[in-house]
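Peer 1: show me the folded form of this:
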Amino acid sequence: MESEHRVTYKVYYEDTDSLGVVYYANYLKFLERGRSELLGSQGRPIHEWNRDGYYFVVFELSMKFKRPECRGELLVEAEVDVVCVDAQQQLREFPAL
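Peer 2: You can find the predicted model right below:
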């Protein structure tokens, strides 16, 4: 399954370094929030997927930093590969989302 998901976040002062630029590691937190929002937007909260034995974990991630400051422009592009596993951490097919 391949999909594109875009999320916009408000960046707070605490997310930045001393120059007012988002600290690079915080982008990983933003990406995780986006992954949670994508799964939640499929009509079921994540805890229900988990209850039914579907766990979605990051397998691979790549990021490209585009700009250091916002002003409504794209700052980071990322590709996150997610796999589905069961409670025993064995790969399983993605459910129909």
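
Peer 1: going forward, measure contacts and count neighbours with C-alpha atoms only.
Peer 2: Fine.

Peer 1: how about the secondary structure of C84?
Peer 2: For C84, the reduced secondary structure class is strand; criterion used: DSSP: H, G, I helix; E, B strand; the rest coil.

Peer 1: run a quick neighbour tally on it.
Peer 2: One way to gauge burial is a neighbour count; for C84, by other C-alpha atoms under 10 Å, it gives 18.

Peer 1: quick one, what contacts the residue nearest to it when sequence neighbours are not counted?
Peer 2: Excluding the flanking residues, the one nearest C84 by C-alpha to C-alpha, 6 or more residues apart in numbering is F56, at 4.6 Å. Contacts here follow C-alpha atoms under 8 Å, 6 or more residues apart in numbering; on that basis F56 touches 82-85.

Peer 1: out of those residues, who's nearest S41?
Peer 2: Nearest to S41 among these, counting by C-alpha to C-alpha, is V82 at 16.0 Å.
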